[in-house]
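Colleague: one predicted model, sequence on top.
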Amino acid sequence: MRSRWAGRRSAVLALLLLEPGRVVPAGRLMEEVWRSSPPQGAATPLRSYNSRLCAVLDPEAALEDRGGGYMITIGADDIDAGRFERLVAAGHAALREGEAAAAGNRFRDALALCHGRALADVCDVETLALESARLEELRLTAMEGRIEADIELGRHAQVIGELERLVAEYPVRERLWRLLVLALYRGVWMAELAGISEPDLVSTQVMEALGVRQESDIRCWRRCGTGCVQRSCCWRPGDRDPLSCWPSNASKISLVIAKLPWLICHRLR
């Protein structure tokens, strides 16, 4: 079990790394690390923590005692969290531009920097717990972005199993459900739906399960499957994305959850 001393030292380092190049007041560090109740003389162990940190930091990093506080100087690319955020932003930008291959690469590079939940060992410090939650949300959006890029590159069949596992793990993330339905649609139903007439019962059930009501939306979903060969998607950036047909009201996700067993059974028939 990690000692309390080691835990506080890690918390101090994490707090300093949240603000590289800025002086973090010693009083604030003590308030954070000792949960708003720093003991008398807490400044002494704080100095000790920072002295030990100086001894273990990489040569490129510098920890300084400055005007009643501490400042860490480190290159932007030497902080994994910063690199991670920049890669995720680049991935989203590429996805918006219709560059699915580039987006997928950026998201994969970002996710390769993740080794479990960020700051998991120092979440007893409130500021670090909030930062951990923020980075975890960013990790999930990167994962969703990578899957969306894979679907746009025609890899829908490869991500269906992963998406089924993810919606079970994160059942209230609407984007995962949207991506699962889209992957199922593109990867399994294309040939079937291309030949189904509009009033057909199965087509109606599928569209109802998706929450799609307007005929134009139905045609949009059906058109995405028409003309596809060997499970390669015909949709391209600039076309109307079938995801835009998804109901914006998040409460309708319950309809898809209720219908998904039927959808999966239909896929396996």
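Modeller: Yep, that arrived. Numbers count the residues shown, from 1 in each chain.
Colleague: how far away is R66 from T44?
Modeller: For R66, the distance to T44 equals 18 Å [C-beta to C-beta, to the nearest Å]. C-betas here are computed from N, CA, C, even on glycine.
Colleague: also Q158?
Modeller: Taken as C-beta to C-beta, the span from Q158 to T44 is 57 Å.
Colleague: comparing the two, which residue is more hemmed in?
Modeller: Comparing Q158 with T44 by other C-beta atoms under 10 Å, the one with more neighbours is Q158, at 14 against 10.
Colleague: ok, and the closest non-adjacent residue to M71?
Modeller: V23 (4.7 Å; C-beta to C-beta, 6 or more residues apart in numbering).
Colleague: burial check on A55, number of neighbours?
Modeller: 7.
Colleague: element containing it, please.
Modeller: A55 is part of helix 43-56, with elements assigned from DSSP states H and E.
Colleague: what average pLDDT does that helix get?
Modeller: On average, the pLDDT along helix 43-56 is 87.
Colleague: contacts for that helix?
Modeller: W5, R8, R9, V12, L13, A26, L29, M30, V33, L63, D65, Y70 (C-beta atoms under 8 Å, 6 or more residues apart in numbering).
Colleague: who wins on neighbours among those?
Modeller: V12 (26 neighbours).
Colleague: who's in contact with D150?
Modeller: Neighbours of D150 in contact, by C-beta under 8 Å, 6+ apart: G104, H156, Q158, V159.
Colleague: can you check I74 too?
Modeller: L17, P20, D58, E60, A61, A62.
Colleague: so the third one makes contact with D78?
Modeller: Right, D58. Yes - if you go by C-beta atoms under 8 Å, D58 and D78 touch, sitting 7.1 Å apart.
Colleague: between these two, which is the more surrounded one?
Modeller: Taking other C-beta under 10 Å, D58 and D78 do not tie; D78 has more neighbours (13 against 9).
Colleague: burial of the spatially closest residue to the more buried one that is not a sequence neighbour, as a residue count?
Modeller: Spatially, and ignoring its direct neighbours in sequence, D78 is nearest to E60 (5.9 Å; C-beta to C-beta, 6+ apart). Counted with other C-beta under 10 Å, residues neighbouring E60 total 10.
Colleague: related to what we said a few turns ago, identify the farthest-apart pair in the contacts of helix 43-56.
Modeller: Using C-beta to C-beta, the pair of the contacts of helix 43-56 lying farthest apart is W5 and D65, separated by 19.6 Å.
Colleague: show me which helix runs longest in this structure.
Modeller: The longest helix of the chain (DSSP state H) is helix 126-152.
Colleague: what angle separates the helix or strand just after it from helix 126-152?
Modeller: Going down the chain from helix 126-152, the next helix or strand is helix 156-169, by DSSP H and E. If you take axes from the mean of the first three to the mean of the last three C-alpha atoms, to 10 degrees, helix 156-169 sits at 150 degrees to helix 126-152.
Colleague: return helix 156-169 as PDB; C-alpha atoms alone will do.
Modeller: The C-alpha coordinates for helix 156-169 follow below in PDB (Å, rounded to 0.1, in the frame of the first residue of the first chain):
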ATOM      1  CA  HIS A 156     -18.200  -0.800 -39.500                       C
ATOM      2  CA  ALA A 157     -18.100  -4.600 -39.100                       C
ATOM      3  CA  GLN A 158     -14.900  -4.400 -37.000                       C
ATOM      4  CA  VAL A 159     -16.300  -2.000 -34.500                       C
ATOM      5  CA  ILE A 160     -19.700  -3.600 -33.900                       C
ATOM      6  CA  GLY A 161     -18.500  -5.900 -31.100                       C
ATOM      7  CA  GLU A 162     -16.500  -3.100 -29.500                       C
ATOM      8  CA  LEU A 163     -19.600  -0.800 -29.500                       C
ATOM      9  CA  GLU A 164     -21.800  -3.500 -28.100                       C
ATOM     10  CA  ARG A 165     -19.400  -3.800 -25.200                       C
ATOM     11  CA  LEU A 166     -19.100   0.000 -24.700                       C
ATOM     12  CA  VAL A 167     -22.900   0.600 -24.700                       C
ATOM     13  CA  ALA A 168     -23.100  -2.000 -21.900                       C
ATOM     14  CA  GLU A 169     -20.400  -0.300 -20.000                       C
END
